[in-house]
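Undergrad: my questions are about this predicted structure, shown below with the sequence.
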Amino acid sequence: MINSRRKGRYGIDAPYVPLLMTAGLLACIGLMMFAHMSGLWITAVILAVVIALYMHTTLRGKFVAWRSLLVTLPWRGDERILDLGCGRGAILLMAAECVPRGRAVGIDIWSSKDQSGNAMDVTGSNAAAEGVADRIELKTADMRELPFPDDSFDVVVSNVAIHNIGDAGGRDRAIDEAWRVLRPGGRLLIADISKSHQYRDRLAALGARVVRRPLGWRMWWGGPWMATMLIDVQKPA
Ligand SMILES: C[S@@+](CC[C@H](N)C(=O)[O-])C[C@H]1O[C@@H](n2cnc3c(N)ncnc32)[C@H](O)[C@@H]1O
């Protein structure tokens, strides 16, 4: 149902992170070569492994993890899906493949600090490359204030996006908005690297029964200390 070979170009999440780590690795190599600080080899090896894991997650792991997740949902094929902070469409466009008669809506503020080359027209080109442009809608919007009526989506997803909101109050508003636009009986899936306790507690306060679980090594952003947790909720019908 979802093509495992992605044809779009999806960029790198938080590109300054691998850039800083690569600068650190190069500094270690330089110090070993020119200042004879050979003891730095352990740091260099650790940094190389962390960079490799991060790049795997951003280029491949998140696609594998979300594909496995999306194929388990009981699709009819005509659902309306919303992706909060869709970026270049990594998750949005895989979800769109599940709804040949439905609609997949992506909202974002298109921050290129959070994802390299992040722009609405890039996501549009990716939708065409994946063959789902006919069922995609993209909007510039903040997830704290969604421009949609109550109960308007069957499935709401979000991948490593909500933590980018710096204040707890703002993250609570994003959760409240996700819950508001989800129809009764609909499914909410949020994957994020931090703050997942906060999302769970907020949703529980809204009356949801929440499942929270790790998404495994393919979504480690450098190592197990930066693992991605999934929040999985079905809104009572
Ligand atoms: C790390 S990227 C992940 C993008 C996409 N979900 C993916 O997995 O490829 C985080 C995204 O969240 C978006 N974002 C950050 N704050 C936002 C906000 N308040 N409202 C909507 N989008 C936001 C960024 O612009 C960026 O596209």
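TA: Alright, I've got the coordinates. Numbering: from 1, shown residues only.
Undergrad: go through the chain and flag its longest helix.
TA: Among the elements of type helix in the chain, defined by DSSP state H, the one spanning the most residues is helix 16-34.
Undergrad: list the buried residues for it?
TA: Neighbour-count burial for helix 16-34, with 16 or more other C-beta atoms under 10 Å as criterion, is recorded at 17, 18, 21, 25, 28, 31, 32. Heads up, the C-betas are built off the backbone N, CA and C, glycines and all.
Undergrad: next one: stretch 204-222
TA: 208, 210, 215, 218, 219, 220, 221, 222.
Undergrad: how about the contacts made by the most centrally placed residue in the chain?
TA: Per C-alpha atoms, centre = their mean, the C-alpha nearest to the average position across the chain is that of residue 159, at 2.0 Å. The neighbourhood of residue 159, defined by C-beta atoms under 8 Å, 6 or more residues apart in numbering, consists of 62, 66, 83, 85, 90, 91, 191, 192.
Undergrad: mind doing that once more with 7 Å?
TA: Residues in contact with residue 159, defined by C-beta atoms under 7 Å, 6 or more residues apart in numbering, are 62, 66, 90, 91, 191.
Undergrad: biggest separation within these, which pair?
TA: Using C-beta to C-beta, the contacts of residue 159 span at most 11.1 Å, a distance reached by 90 and 191.
Undergrad: tell me how far the longest strand seen in the chain lies from the chain's centre.
TA: For the chain, the strand that runs over the most residues, judged by DSSP state E, is strand 182-192. Strand 182-192 sits 14 Å away from the centroid of its parent chain (C-alpha atoms, centre = their mean, to the nearest Å).
Undergrad: could you measure from the nearest residue to residue 31 once chain neighbours are set aside over to residue 30?
TA: Ranked by C-beta to C-beta, 6 or more residues apart in numbering and with sequence neighbours excluded, the top spatial neighbour of residue 31 is residue 37, at 4.4 Å. Counting by C-beta to C-beta, to the nearest Å, the separation of residue 37 from residue 30 is 9 Å.
Undergrad: top of the contacts of residue 159 by neighbour count?
TA: Using other C-beta atoms under 10 Å as the contact criterion, the top neighbour count among the contacts of residue 159 goes to residue 91, which has 30 neighbours.
Undergrad: which SSE is that residue in?
TA: Of the helices and strands defined by DSSP states H and E, residue 91 is found in helix 90-97.
Undergrad: list of residues touching that helix?
TA: Contacts of helix 90-97 from elsewhere in the structure, counted by C-beta under 7 Å, 6+ apart, are 1-3, 8, 10, 62-63, 66-67, 70, 81, 83, 86, 104, 106, 126-127, 130, 132, 135-136, 157, 159.
Undergrad: do that helix and the ligand meet at all?
TA: Yes. Helix 90-97 is in contact with the ligand by C-beta under 6 Å from any ligand atom, via 90, 91.
Undergrad: ok, so what distance separates residue 82 from the ligand?
TA: Residue 82 is 11 Å from the ligand, where distance means C-beta to the nearest ligand atom, to the nearest Å.
Undergrad: over to the residue with the largest distance to the centre of the chain: give its phi and psi.
TA: Centroid-distance maximum for the chain: residue 36 at 41.8 Å, with C-alpha atoms, centre = their mean. Dihedral angles phi and psi of residue 36 (degrees, to the nearest 10) take the values phi 50, psi 40.
Undergrad: near the ligand, which residues of this protein?
TA: By the rule C-beta under 6 Å from any ligand atom, the part of the chain lying against the ligand is 13-14, 62, 85-87, 90-91, 107-111, 114-115, 118, 142-144, 159-161, 164-165.
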